[in-house]
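**Q** curious how this folds, go ahead:
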Amino acid sequence: MTTLPKGNLTKQYSCCFFLLPFAVLTLLSLGCARRETSAQSEIRIGVVLPVSGSEADPGRFQKEGIELAVQQINQMGGINLRELGKKLPVKLVFYDDSSDPAKSASLVERTMTTDNVVAVLGGYSSTLGEAESVMPDRYHTPWIATGAGATSIFSHGYRWIFGALSPVELLGSTAAQFLGSLVDQGKLRKDLKVALAVENTDHGEDYANGIQQWIKANPGYFEVVLNEKFAAGLPDFSALLQKVKDSHADIFLADAHLQDYVAMEPQYVRTGMYHQMISYGARGPEREARKVLGKDADYLFAGNWWSENLPYPQSANFVQAYIAFTGHTTDSWYAAVAYDATRALAVAIENAGSLDKTAIRDALRIVTLKDSLLPGQVFHFGPTGQVLTPFVIVQNQPFGEADIVFPPDAANGKATAPKPRK
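**A** Next comes the predicted model:
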């Protein structure tokens, strides 16, 4: 039987440790690192979205899109990491920001600093997204805005932020281009007067800029006779609508978030005004809103980042999977965009082959989904970090339908113009 030396083993053998060859020490340290890495049992992704407060409905739909994507990823065994030589499941760390910008920023900071996440998804609405966007570069953690499209968010030179929504300026210019196509078809006459009423946010400013840029580049089509801003969340839009009425415009284009659209349209109807075409920016086809508004929402048009009527098999598959997952139908574009953002992040993590945040960020810069749900079917982050997929214009039809009416290669229906009088 071997007898161990007496005395303090640390003292007796510590000197021997320093005599080990450098190569052996290196192998020992690598072995420890491998054991630490192999102990990783899941990939943690933060999600900060509003499921209460004024933006609760869109936030909930986006959360469902993210959760559906993660369910599908985990059903396939998770995300493959070359570093480990195996797949790991995704674990979501979710926080409700209650539609409050300060709380939203604080929760993003919390999940980036204390929750051991490799990336964060969220930022529904440009106001919440603007608040969150300062955190990624501070904590060197990739962040994908699933519902914030204001160009100001992506104009600061931040290196860790990405956006799944095409710029709102493009939304505005696409709306104007659609109206111009109606003039070209003889459905509307030239020189119509346009009244703009946009929320007093970067989102609203971008929408108005996009419309005015198209009008300036295409003289003779339209003239803007009113460009008015309003505070989001107003209970009473009567003063604003009186200015719209006094402008004697032919077309009324508003940029409003969902709750303001639902509040403003009934007040608009009560004024007795008529405009040949009406839009509330990206709002209009939401089913819950149409239940509230009824026939008043018929023939409104909206620019959307996605529509369930896009003629792509992957889009149809998503709709079926979403209904099976949630028990209810898709609602406009909210869930689809968040779903694709989550898929893009998963591909980037797999391409990075590790949970290193810098490697994931660099992989996000070049990631491409060629089976995207979004118009054009290609999802890729542009030079500023924001995707540049095109918009579709949808128009509400009677009995709850909403047809794609522009561009022609995506359309499943024809635009009704001018809007019928009641």
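**Q** starting at the chain centroid, how far to the helix or strand Ser279 falls within?
**A** Assigning secondary structure by DSSP states H and E places Ser279 in strand 277-279. Relative to the centre of its chain, strand 277-279 is centred 24 Å away, using C-alpha atoms, centre = their mean, to the nearest Å.
**Q** ok, stretch 374-390 next?
**A** Relative to its parent chain, stretch 374-390 has a centroid offset of 11 Å by C-alpha atoms, centre = their mean.
**Q** and the strand holding Ser279, average pLDDT?
**A** Strand 277-279 shows a mean pLDDT of 98.
**Q** in the stretch 101-250 of the chain, which spans are helices?
**A** 101-114, 126-132, 135-139, 168-184, 202-217, 238-246 (DSSP state H, counting those that start in this stretch).
**Q** mind putting these into JSON lines with mean pLDDT and distance to Arg287?
**A** Glycine gets a C-beta too; all of them are placed from N, C-alpha and C. Below are the helices of the stretch 101-250 of the chain laid out as JSON lines (pLDDT from 0 to 100; distance: least, C-beta to C-beta, whole Å):
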{"stretch": "helix 101-114", "mean pLDDT": "98", "distance to Arg287": "26"}
{"stretch": "helix 126-132", "mean pLDDT": "96", "distance to Arg287": "23"}
{"stretch": "helix 135-139", "mean pLDDT": "98", "distance to Arg287": "34"}
{"stretch": "helix 168-184", "mean pLDDT": "98", "distance to Arg287": "21"}
{"stretch": "helix 202-217", "mean pLDDT": "97", "distance to Arg287": "22"}
{"stretch": "helix 238-246", "mean pLDDT": "98", "distance to Arg287": "25"}
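**Q** which of the ones you listed is buried the deepest?
**A** helix 126-132 (a mean of 25; mean count of other C-beta atoms under 10 Å).
**Q** got a list of contacts for that helix?
**A** Helix 126-132 is contacted by residues 48, 50, 55, 97, 99, 101-102, 104-105, 108, 120, 122-123, 143, 145, 147-150, 152-153, 163, 168, 201-203, 232 when judged by C-beta atoms under 8 Å, 6 or more residues apart in numbering.
**Q** 7 Å - rerun?
**A** With C-beta atoms under 7 Å, 6 or more residues apart in numbering as the contact definition, helix 126-132 has outside contacts at 48, 50, 97, 101-102, 104-105, 108, 122-123, 143, 145, 148-150, 152-153, 201-203.
**Q** next one: that helix to chain centre, how far?
**A** Using C-alpha atoms, centre = their mean, the offset of helix 126-132 from its chain centre is 12 Å.
**Q** got it, and stretch 138-158?
**A** Chain-centre distance of stretch 138-158: 11 Å, with C-alpha atoms, centre = their mean.
**Q** tell me the mean pLDDT for stretch 388-395?
**A** In this model, stretch 388-395 has an average pLDDT of 97.
**Q** same question, stretch 52-63
**A** 96.
**Q** then stretch 346-354?
**A** The average pLDDT within stretch 346-354 is 98.
**Q** residue ranges with poor pLDDT in this protein?
**A** Low-confidence segments of the chain (pLDDT under 70): 1-39, 331.
**Q** try it again with 90
**A** Scanning the chain for pLDDT under 90 picks out 1-40, 288, 330-332, 422.
**Q** walk me through the domains of it.
**A** Following automatic domain parsing, the chain resolves into domains at 43-166+310-380, 169-304+392-406.
**Q** Throw those into TSV and include distance to Asn412, thanks.
**A** Shown next, in TSV, are these (distance: least, C-beta to C-beta, whole Å):
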stretch	distance to Asn412
domain 43-166+310-380	7
domain 169-304+392-406	5
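**Q** and Glu308, that's in a helix?
**A** No: going by DSSP: H, G, I helix; E, B strand; the rest coil, the assignment for Glu308 is coil, not a helix.
**Q** list the contacts for it?
**A** Glu308 makes contact with 315, 319, 330 under the criterion C-beta under 7 Å, 6+ apart.
**Q** ok, and the most crowded of these?
**A** Ranked by the number of neighbours (other C-beta atoms under 10 Å), the contacts of Glu308 place Thr330 first, at 23 neighbours.
**Q** on that earlier part again, ok, which of the domains of the chain comes nearest Ala417?
**A** Ala417 lies closest to domain 169-304+392-406 among the domains of the chain, at 4.1 Å (C-beta to C-beta).
**Q** could you tell me the end-to-end distance of the closest one?
**A** The first and final residues of domain 169-304+392-406 sit 17 Å from each other (C-alpha to C-alpha, to the nearest Å).
**Q** list the contacts of the next helix or strand along the chain from the strand holding Ser279.
**A** Going down the chain from strand 277-279, the next helix or strand is helix 287-293, by DSSP H and E. The contact list for helix 287-293, computed with C-beta under 7 Å, 6+ apart, reads 57, 258, 261-262, 265-266, 297, 329, 331, 396, 400.
**Q** could you do stretch 354-371 as well?
**A** 40, 43, 81, 83, 118-119, 140-142, 160, 162, 314, 340, 343-344, 347-349, 351-352, 377-381.
**Q** which of those residues fall in helices?
**A** Among these, the ones falling in helices (DSSP state H) are 314, 340, 343-344, 347-349, 351-352.
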